[in-house]
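>>> have a look at this fold, sequence not included:
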């Protein structure tokens, strides 16, 4: 990669980010777009004092603060969709560990200005997925096999005791309620969609831990799970067969939980985490 310039990568998935009218921002420049900030373009009216066309009777217009509050979700929706697309690009490997990407360059690919991209990247900085490179952009974090092993160990310390407690206390019929999530993950795995499987995998584990009633445990475990899904710079790419095998472990785990097979539950969960599931 040429020193001092961001890497040019393959186009990233838009994940539903709405396209904006007009040409994208030039590299390094910011183009102000009213729609990005949740405001509509003002409709030009007649000069003050001039006759207006006949219009329906107007109701009382809400206060300015109320208008802003109603439109703000559109602003955050753009940022949220960009964040979702960036997370999928991390899992799929389209954002390469160790490479630097600029906000304006990514904004061009998404068809938005650099602002929501930078905001989404700042969230990824907090999550440890990227780091700021002054005057250049954001570098995708590089992790080692040791990092993955440590994540697996911490996840096991948190989740294995919770799983064993659930296996001891919940009736067998409870686990059948999670079958649809496990089956959905299996279908997505068979399609070879790594980013899609990552989402389905986390959804299954969130629902499983949600049975503990401990929201803090669910949030912490989900964040650790997300980190475990990021690829390493030189690690093997997960093939469709790997995803299918991983998804099959969900069904095996549900059977062990229903049978109150505590030794089986502990072994399955530990092995599942070691595979960066």
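Good, I have the coordinates. What you are looking at is a predicted structure, and each value in this text was computed from that prediction instead of being measured. Numbering: from 1, shown residues only.
>>> let's verify residue 131: helix, strand, or coil?
Assigned by DSSP: H, G, I helix; E, B strand; the rest coil, the conformation of residue 131 is strand.
>>> distance of it relative to residue 178?
Using C-beta to C-beta, to the nearest Å, residue 131 is found at 37 Å from residue 178. (C-beta placed from N, C-alpha, C; glycine too.)
>>> just the pLDDT for residue 223.
The model reports residue 223 with a pLDDT of 92.
>>> which ones are touching it?
residue 127 (C-beta atoms under 8 Å, 6 or more residues apart in numbering).
>>> now it, what are its backbone angles?
phi -70, psi -40 (degrees, to the nearest 10).
>>> which parts of the stretch 151-277 of the chain are helices?
With DSSP state H, counting those that start in this stretch as the criterion, the stretch 151-277 of the chain has helices at 172-176, 179-191, 194-210, 215-228, 240-258, 262-274.
>>> which of residue 131 and residue 178 has more residues huddled nearby?
The neighbour comparison of residue 131 against residue 178 (other C-beta atoms under 10 Å) goes to residue 178, with 19 against 14.
>>> what about residue 246, how many residues close to it?
By other C-beta under 10 Å, neighbour count at residue 246 equals 19.
>>> can you list the helices of the stretch 151-277 of the chain in TSV and add distance to residue 118?
Below are the helices of the stretch 151-277 of the chain laid out as TSV (distance: least, C-beta to C-beta, whole Å):
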stretch	distance to residue 118
helix 172-176	44
helix 179-191	31
helix 194-210	22
helix 215-228	21
helix 240-258	32
helix 262-274	33
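>>> quick one: closest of the ones you listed to residue 124.
Proximity to residue 124 (C-beta to C-beta) singles out helix 215-228 among the helices of the stretch 151-277 of the chain, at 10.5 Å.
>>> centre of the chain to the closest one, how far?
Taking C-alpha atoms, centre = their mean, to the nearest Å, one finds the center of helix 215-228 at 13 Å from the center of the full chain.
>>> so it versus helix 194-210, what angle?
Compare the direction of helix 215-228 with that of helix 194-210 by axes from the mean of the first three to the mean of the last three C-alpha atoms, to 10 degrees and you get 160 degrees.
>>> pull out the buried positions in helix 215-228.
Neighbour counts over helix 215-228 (16 or more other C-beta atoms under 10 Å) mark 218, 220-221, 224-228 as buried.
>>> redo those as a markdown table? Include distance to residue 192.
Formatted as a markdown table, the buried residues of helix 215-228 follow (distance: C-beta to C-beta, whole Å):
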| residue | distance to residue 192 |
| --- | --- |
| 218 | 28 |
| 220 | 30 |
| 221 | 26 |
| 224 | 25 |
| 225 | 20 |
| 226 | 20 |
| 227 | 23 |
| 228 | 20 |
